[in-house]
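1. Sequence first, then the predicted structure:
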Amino acid sequence: MSPDQPPATTPCPACGTGVSHRPLYRQRGLPVQSCLMPASAGDAGAIARRDLELLQCLECGLVFNRHFDPSTQVFSPGYEETQGFSPTFRRFARDLAAQLNQRWTLNGKSVVEVGCGKGEFLALMCEQGQCHGLGIDPAHDPERRPESAPDRVVYEQRYFDRTDIGLKADYLVCRHTLEHIGPVGEFLATVYEVCRAGGIGEVFFEVPEAARIFEEGAFWDIYYEHTNYFDATALEQAFARAGFETTGIEWLFDDQYLGIYARAVTNPPDSTAPPRIFSGQLLEETCRYWYERIRQAHGQVVIWGSGSKGVAFLHAVDPDGKVAAAVDINPYRQGRFMPGTGQPIIAPENLKSLQPALVIIMNPIYRAEISAMLDDLGLSPDIACV
Ligand SMILES: [Zn+2]
């Protein structure tokens, strides 16, 4: 590039502003789908990979991966994202469903869930609230319809799109989906039209809380599937641009998630709060810390949690496979391999033969639950939480 050429920019997927290429964080060759469960170490190593380079839009505050390619994201029933096997996570889901029921008095009403996954959360809401439910998700597996789902809950294995304009419902829920969508501004505009046409009174969206990621250097929360990273200001901005008025923002699950309530209105307020600008310095520092910690361990090291956090963690700090295995309580993951780095995914019981010296927990919210399981197994390794 010659010196008098302007710097290259990429349009912000939320607001369209040109964002210059000064990355906050970079990873080369990340697995494009960390929830796919390879059946062998060979398959795990051969998984499709792409680069990640996070930029921040100075206009609206969105942080996004400029290399994100939506065509790499094939959602099918083989996508194993559920955290529903953990009692801690189930308690959180139950409390959140109760909160939505209380806010919306759902009895006899109808709710749509976009990106419902296996459908457990919608089943909970409809069971608690005696309401009707429609769950939409290309990764929904009809074979694994939740047993608790009442008959008045219907699941459709497909994408939510403009053909849903005209769909009638009282409320719309969308959890852990927005961060996966490349053209996120366009998607929210579609949600707005669906709400206006279908008489939807209020929506609730939940996303990972991005301020925490940059403030704590939580590099394990940055992975290819998540192309968008919102803090509260950026989230509210994105909704305002699409035509929504924010009716509530809250921090959930030990402040790891951000929830937003919003209504589709005729004249959305101008969001004037300036975006918060983040730096990637802490991400580099925590990467270095864990790289060293793993190398200094005397004995076997395992991580606990084989989901996306585990995949991102191993990719960043264990390039040469010092970590022996990833433990997971989800039986659908056990016997499979970590996408990219290829460690086996094992059941907690398998730790008895492995006798680990260090267990690194991928989410501190599960620490009590995991410590109790290690006690029951008669193991007393060092326990560290990311
Ligand atoms: Zn923007």
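-> It's in. Given the structure is predicted, the values throughout are model-derived calculations rather than measurements.
2. Can you name the residues in contact with the lengthiest helix in the chain?
-> Among the elements of the chain assigned as helix by DSSP state H, the one spanning the most residues is helix 87-104. For helix 87-104, the surrounding residues in contact (CB atoms under 8 Å, 6 or more residues apart in numbering) are 83-84, 106, 111, 120-121, 124-125, 128-129, 170-171, 173, 201-202, 204, 252-253, 259, 261, 365-366, 368-369. Where you see a C-beta, it was placed from the backbone N, CA and C, and this is true even at glycine.
3. what subset of those is also close to the ion?
-> Of the entries in these, none also sits close to the ion under the rule CB under 5 Å from the ion.
4. Centre-most residue in this structure?
-> Residue closest to the average C-alpha location in the chain (CA atoms, centre = their mean): residue 176, at 5.0 Å.
5. And it, how far from residue 237?
-> Using CB to CB, to the nearest Å, one gets 20 Å for the distance from residue 176 to residue 237.
6. What ranges does the stretch 101-250 of the chain have for its strands?
-> Assigned by DSSP state E, counting those that start in this stretch, the stretch 101-250 of the chain shows strands spanning 110-114, 132-136, 153-156, 171-175, 202-208, 228-229, 244-252.
7. Angles on the backbone of residue 147, please.
-> Here is the backbone geometry of residue 147 (degrees, to the nearest 10): phi -60, psi -30.
8. just use 891 as the starting number from now, easier for me
-> Taking 891 as the first residue, the last one we looked at is residue 1037.
9. Model confidence for it, exactly?
-> The score at residue 1037 is 89. That number is its pLDDT.
10. Against the ion, how distant is it?
-> When CB to the ion, to the nearest Å is applied, the distance between residue 1037 and the ion equals 43 Å.
11. same question, residue 995
-> Applying CB to the ion, the value for residue 995 to the ion is 36 Å.
12. How about residue 1062?
-> Counting by CB to the ion, the gap from residue 1062 to the ion is 24 Å.
13. so what's the residue lying closest to the residue nearest to the centre of the chain once chain neighbours are set aside bridging to?
-> Using CB to CB, 6 or more residues apart in numbering and skipping residues adjacent in sequence, the residue nearest residue 1066 is residue 1096, 6.2 Å away. For residue 1096, the residues forming beta bridges with it (DSSP bridges) are residue 1065, residue 1149.
14. Give the residue spans of the stretch 1141-1276 of the chain that score low on pLDDT.
-> When the per-residue scores of the stretch 1141-1276 of the chain are filtered using pLDDT under 70, the ranges that remain are 1161-1162.
15. Residue of it nearest the ion, please.
-> Of all residues in the stretch 1141-1276 of the chain, residue 1165 sits closest to the ion, at 8.1 Å by CB to the ion.
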